[in-house]
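Student: Sequence and predicted structure, then a few things I'm wondering about:
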There are 2 protein chains.
Amino acid sequence: MKITGKNYIGEQLAGSGEVNFRTFNPTSNSENEPLFAEASYSEIDQAVELAWEAFKKYRTFSGARKSEFLNAIADEILNLGDALIDAYCQESGLPAGRAEGERGRTVFQLRSFADLVKEGSWVEASVDTALPEREPVPKPDLRKMLIPLGPVVVFGASNFPLAYSTAGGDTAAALAAGCSVIVKSHPMHAGTGELVASAIIKAARLTGMPNGVFSNLNSSGIEVGVQLVSHLKVKAVGFTGSIQGGRALLDLAAQREEPIPVFAEMGSVNPVVLLPGALKERGEKLAKQYAGSVTLGTGQFCTNPGLLLGIKGEELERFIQDLAQSIVEIEPSIMLHPNIVGAYERNKQKALAQEGLSVVAELTQDVPANFARQAVTTVEGSTFLKNTALHQEVFGPFTMVVQCEDASQLEEVVSRLEGQLTGTVITGKDELSGYSSLIAALQNRVGRIIYNGVPTGVEVCPSMVHGGPYPASTDSRFTAVGTYSIRRWARPFSFQDWPDELLPEELKNDNPLGIERKVNNVNTREEI
Amino acid sequence: MKITGKNYIGEQLAGSGEVNFRTFNPTSNSENEPLFAEASYSEIDQAVELAWEAFKKYRTFSGARKSEFLNAIADEILNLGDALIDAYCQESGLPAGRAEGERGRTVFQLRSFADLVKEGSWVEASVDTALPEREPVPKPDLRKMLIPLGPVVVFGASNFPLAYSTAGGDTAAALAAGCSVIVKSHPMHAGTGELVASAIIKAARLTGMPNGVFSNLNSSGIEVGVQLVSHLKVKAVGFTGSIQGGRALLDLAAQREEPIPVFAEMGSVNPVVLLPGALKERGEKLAKQYAGSVTLGTGQFCTNPGLLLGIKGEELERFIQDLAQSIVEIEPSIMLHPNIVGAYERNKQKALAQEGLSVVAELTQDVPANFARQAVTTVEGSTFLKNTALHQEVFGPFTMVVQCEDASQLEEVVSRLEGQLTGTVITGKDELSGYSSLIAALQNRVGRIIYNGVPTGVEVCPSMVHGGPYPASTDSRFTAVGTYSIRRWARPFSFQDWPDELLPEELKNDNPLGIERKVNNVNTREEI
């Protein structure tokens, strides 16, 4: 499978645009070979028009057919074999093991959504039968189910070239819902993106999907994304990335004549509350564990623990020293791209320049090109409360320990945080029950709360919430990970007094799909 | 129960503001007696701060306790007796029968939400148990449920002084979800609003709710609403009203540093497709039925059929003549307020001034003050397609018949409509199956589709969708009517590896509430 550098406008490869770019190999510190053509204005328009026409057909396809498509995508991704792993490593600097693991996650996500739509109950079918004799007016027959929104634009994440990119969570969920998808390919892994796109296109052909159900557009700057989000026939947007990028898309979508929903999963510092009893019991072990979590994947996870909150005292001091010692013992590692290392070093310096912040540990030795130097810093609770610049994420292997005066200041710090994906509580035996108002405050700022663990590691399952109050995500009422994320791309729809033979299968009296439905307010798989 | 003209800042009556106003009785064409004090800046801030503090407690209350509160509100509204009905009639011009019917609907809505939260399964609890032996990494225990967003601001509708106002659908749903509520009272029925607010406050006291769980703020202009929506501690907004008003709030909320969700249910012309066979079979009867639906409540329903779409021909011509004749035979009726009659007459004249629009029937005789004169107009399909001014709602007893050349033009008209709350199809025997692409196009523009009926009449039940693509509502993924509307005010939340004894009841192993949960992907009420 050769990388062509072109866009997929539906099944068609096209590259008439005049802007060209290359991806970068951080390991060799040089550009990769293939030359990519950014999608031109007319290619973008063509992709959306095709997506619109494809949507009209695809939205009517059964769960079984959509499931075949999703499973075929998973198969074709696996069929790409080493070519995909090679492109991934060349464009990210990440090791082959990580690439394989992420491919596994991507395939698992696709198959999870395939299972979900094949089973079919995700549409939340609900039936209220008529009461023609009701006084003063008869009650009509009403039947409700979720239906897809329309063409969805997906912006992949730089830090997950497979699992949250071209055929990642957003794409899988949107296709499962019955939406057509246009991916704005991430410029840092355009080759990986093209290979995955070729797998999706092949799967679409094999399973008889309409041309345009999927397109993949290259871009090096913001123009392609802006045009896509502004397009009249685009009905929703999925994004994973920076607060700045996500907010720009949210603003753009809000300013449209017809505003459209944007689900952006953005930054998070993932506060970790270290209770005194825990530090006393096992401070050294925790320091080792957190040194590992902060530097995992060179700190390039959205759930990286960038903020550790404790109460001043001997235990916390010792923990900070242990953490400092553990973290400098860890070998520095490579980041995804020179721009990302550059941003990390700039943001780190900006943080270090804040009054009252002390460096506890920082690698200063020479490192190979595109490697990041991890750092641990500390600050007083009162200083942290006064300076919101200290609340900002430093994307990379960086963390800050906030030393609070007491439990009450700790609670204040927590309640003043911006919205977060996760909050973690590290507690000693029988210690947590004394901190119920702190836990309540933390719960109010996050989407997921973790007990005695690390925030990194986001399980793909129905009970996962990956999202949270702004700016963790733009709409805390949804999640970006897990099957529940399909709800972002669907809306409820009611049929009133509609004849049984013209209803969709999900709502027919005899329940041919055997799905779980709410019938006159009772959950059942029975027919009516 | 005397109307004081003051605001409820939690339990406290306050009226220190300097802006005063009165409501208007359209029947007597004169101002009502009570003088209302618009909420001052500091009263607004106080109400939100109280709502925030109350939220911290109220969010932890059990479904059973919230249910007591909601039922007590219903009881106290009924206890207001005739004083409420009198205020309603004096402030709206609507008859006592309508007031009583709407009170019944309001009470029913409150009790429906009380039942919903008492039963408890609405939180969509989901549990994925741990797999500590899983390779390569153990699977943590994850448990998810819906939790409330925070203080919600509700803007009541002018056209439903009870059911979609102070203790209407938005308030009932938000309180049921566990949010505190601040109502920006509608200036046209501030007295009705104050009485209902007094019932809510009394119910809150009787059932031991925290002070600030509910506040009611008077306003005559836009200032109070703007301040509320901009307030840092307000976390969501509900609105029912005009596109202009809803859009302004949406824009304001989108521009906040922390954007918040706005659910606005706005305008709709509720297209009705009249298929030729139906007109042939029963055109005269349909004309009578639609004359009634267009003028019902002086056309002041958001589901009023303002657009009738047919295919040119003898049957359609005869239908138009029959409709014209039927509608002029209906006695004109009163509107809610001089401003609303004024807007109706202005918008009607603006529509009539559009090139190509013909008047088929219009009352021209003198009518009592604040009465509206119904009108039926008609236009060619091609003219309608060219001029989007003709697509706008004329709020009141007005409708427009679009005469399309053929089925294909009819489908084009449908697909070019703005988003709508409802779409109706009037069909003859065995006729509908020939119009599947038209139905698909209609489905794509609406939230509810009706077979051989009228769009007016919005049933309160789980299968209702009252909402739709923009501008019918600002987020088609939710509904404003029915118990499902609670989802607007809640977000999913995950607990990871959390100790059973500290989990909320909904997620504990032994399922003490006996609610329906998804446990390892299987729906069950069993314990774990």
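Tutor: On my side now, so go ahead.

Student: check contacts around A:Glu124.
Tutor: Neighbouring residues of A:Glu124 by C-beta atoms under 8 Å, 6 or more residues apart in numbering or on different chains: A:Lys144, A:Met145, A:Leu146, A:Pro492, A:Lys518. Bear in mind the C-beta positions are built from the backbone N, C-alpha and C, glycine included.

Student: restrict the residues you listed to those near chain B?
Tutor: Applying C-beta under 8 Å from any C-beta of the partner chain to the contacts of A:Glu124, one finds that A:Lys144, A:Pro492, A:Lys518 fall near chain B.

Student: Could you say which of the residues you listed is surrounded by the most neighbours?
Tutor: Highest neighbour count within those, by other C-beta atoms under 10 Å in any protein chain shown: A:Lys144, with 30 neighbours.

Student: which SS class is it?
Tutor: For A:Lys144, the assignment made with DSSP: H, G, I helix; E, B strand; the rest coil gives strand.

Student: Give me the distance between it and A:Ala125.
Tutor: The gap separating A:Lys144 from A:Ala125 is 7 Å, by C-beta to C-beta, to the nearest Å.

Student: count of neighbours near the nearest residue to A:Asn71 once chain neighbours are set aside?
Tutor: Leaving aside its chain neighbours, A:Asn71 sits nearest to A:Ala114 (4.7 Å; criterion: C-beta to C-beta, 6 or more residues apart in numbering or on different chains). For A:Ala114, the count of nearby residues is 24 (other C-beta under 10 Å).

Student: which residues does the residue in the stretch 201-350 of chain A that chain B sits nearest to contact?
Tutor: Closest to chain B within the stretch 201-350 of chain A is A:Ala254: 3.8 Å, counting by C-beta to the nearest C-beta. Listed by C-beta under 8 Å, 6+ apart, the contact set of A:Ala254 reads B:Leu250, B:Asp251, B:Ala254, B:Pro259.

Student: Just name the closest of those residues to A:Pro462, please.
Tutor: B:Pro259 (27.5 Å; C-beta to C-beta).

Student: what about that closest one, distance to A:Gln12?
Tutor: 38 Å.

Student: ok, those two, which is more surrounded?
Tutor: B:Pro259 (20 against 16).

Student: and the more buried one, what is it in contact with?
Tutor: A:Leu250, A:Ala254, A:Tyr470, A:Thr474, B:Ala253.

Student: Touching, the first one and A:Thr474? I think so.
Tutor: Read it as A:Leu250. Yes. Judged on C-beta atoms under 8 Å, A:Leu250 makes contact with A:Thr474 at a distance of 5.1 Å.

Student: Could you export the contacts of A:Glu124 as JSON lines, including distance to A:Thr60 and pLDDT?
Tutor: JSON lines is the format used below for these (distance: C-beta to C-beta, whole Å; pLDDT from 0 to 100):
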{"residue": "A:Lys144", "distance to A:Thr60": "18", "pLDDT": "98"}
{"residue": "A:Met145", "distance to A:Thr60": "13", "pLDDT": "98"}
{"residue": "A:Leu146", "distance to A:Thr60": "14", "pLDDT": "98"}
{"residue": "A:Pro492", "distance to A:Thr60": "18", "pLDDT": "98"}
{"residue": "A:Lys518", "distance to A:Thr60": "23", "pLDDT": "96"}
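
Student: Distance to B:Leu228 added to those residues, as a markdown table?
Tutor: Shown next, in a markdown table, are the contacts of A:Glu124 (distance: C-beta to C-beta, whole Å):
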| residue | distance to B:Leu228 |
| --- | --- |
| A:Lys144 | 32 |
| A:Met145 | 35 |
| A:Leu146 | 32 |
| A:Pro492 | 28 |
| A:Lys518 | 35 |
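
Student: can you give me the helices for chain A?
Tutor: Per DSSP state H, chain A carries helices over the ranges A:41-58, A:63-79, A:82-92, A:96-119, A:169-177, A:190-206, A:223-230, A:243-255, A:276-295, A:314-329, A:338-352, A:381-386, A:407-416, A:436-443.

Student: counting contacts, what elements does the fifth one pack onto?
Tutor: Using 3 or more C-beta pairs under 8 Å, 6 or more residues apart in numbering or on different chains; DSSP states H and E as the contact criterion, the neighbours of helix A:169-177 among helices and strands are helix A:63-79, helix A:96-119, strand A:142-148, strand A:152-155, strand A:181-184, strand A:236-240.

Student: pLDDT on that helix, on average?
Tutor: The average pLDDT for helix A:169-177 rounds to 98.

Student: Now tell me what touches that helix from outside.
Tutor: So helix A:169-177 is contacted by A:66, A:69-70, A:73, A:109-110, A:112-114, A:116-117, A:122, A:146, A:148-149, A:152, A:154, A:156, A:163-164, A:181, A:183, A:200, A:213-214, A:236, A:238, A:240, A:263, A:480-481, A:483, A:485-486, A:488-490 (C-beta under 8 Å, 6+ apart).

Student: Can you check what angle separates that helix from helix A:190-206?
Tutor: The directions of helix A:169-177 and helix A:190-206 differ by 10 degrees, with axes from the mean of the first three to the mean of the last three C-alpha atoms, to 10 degrees as the criterion.

Student: Counting neighbours, which bits of helix A:169-177 end up buried?
Tutor: Neighbour counts over helix A:169-177 (16 or more other C-beta atoms under 10 Å in any protein chain shown) mark A:Gly169, A:Asp170, A:Thr171, A:Ala172, A:Ala173, A:Ala174, A:Leu175, A:Ala176, A:Ala177 as buried.

Student: Tell me the residues of the stretch 51-200 of chain A that contact chain B?
Tutor: A:56, A:60, A:126-128, A:137, A:139-140, A:142-144, A:147, A:149-150.

Student: try 10 Å this time
Tutor: A:55-57, A:59-60, A:101, A:104, A:112, A:115-116, A:119, A:121, A:124-131, A:136-150 (C-beta under 10 Å from any C-beta of the partner chain).

Student: so what's the closest residue to A:Leu507 other than its chain neighbours bridging to?
Tutor: Closest residue to A:Leu507 apart from its sequence neighbours, by C-beta to C-beta, 6+ apart: A:Arg143 at 4.2 Å. Counting by DSSP bridges, A:Arg143 forms beta bridges with A:Val127, A:Phe495.

Student: Got the domain ranges for chain A?
Tutor: What automatic domain parsing lists as the domains of chain A is A:43-266+A:479-487, A:271-451.

Student: Go through the ones you listed and pick out the most buried.
Tutor: Of all the domains of chain A, domain A:43-266+A:479-487 has the most neighbours on average by mean count of other C-beta atoms under 10 Å in any protein chain shown, namely a mean of 22.

Student: how near is A:Gly292 to A:Glu329?
Tutor: For A:Gly292, the distance to A:Glu329 - C-beta to C-beta - is 11 Å.

Student: Give me the phi and psi for the closest residue to A:Leu217 other than its chain neighbours.
Tutor: Leaving aside its sequence neighbours, A:Leu217 sits nearest to A:Ala39 (C-beta to C-beta, 6+ apart; 3.9 Å). Main-chain torsions, A:Ala39, degrees, to the nearest 10: phi -60, psi 140.

Student: Surely A:Ala39 touches A:Glu223?
Tutor: Yes. Assessed by C-beta atoms under 10 Å, A:Ala39 is found in contact with A:Glu223 at 9.1 Å.
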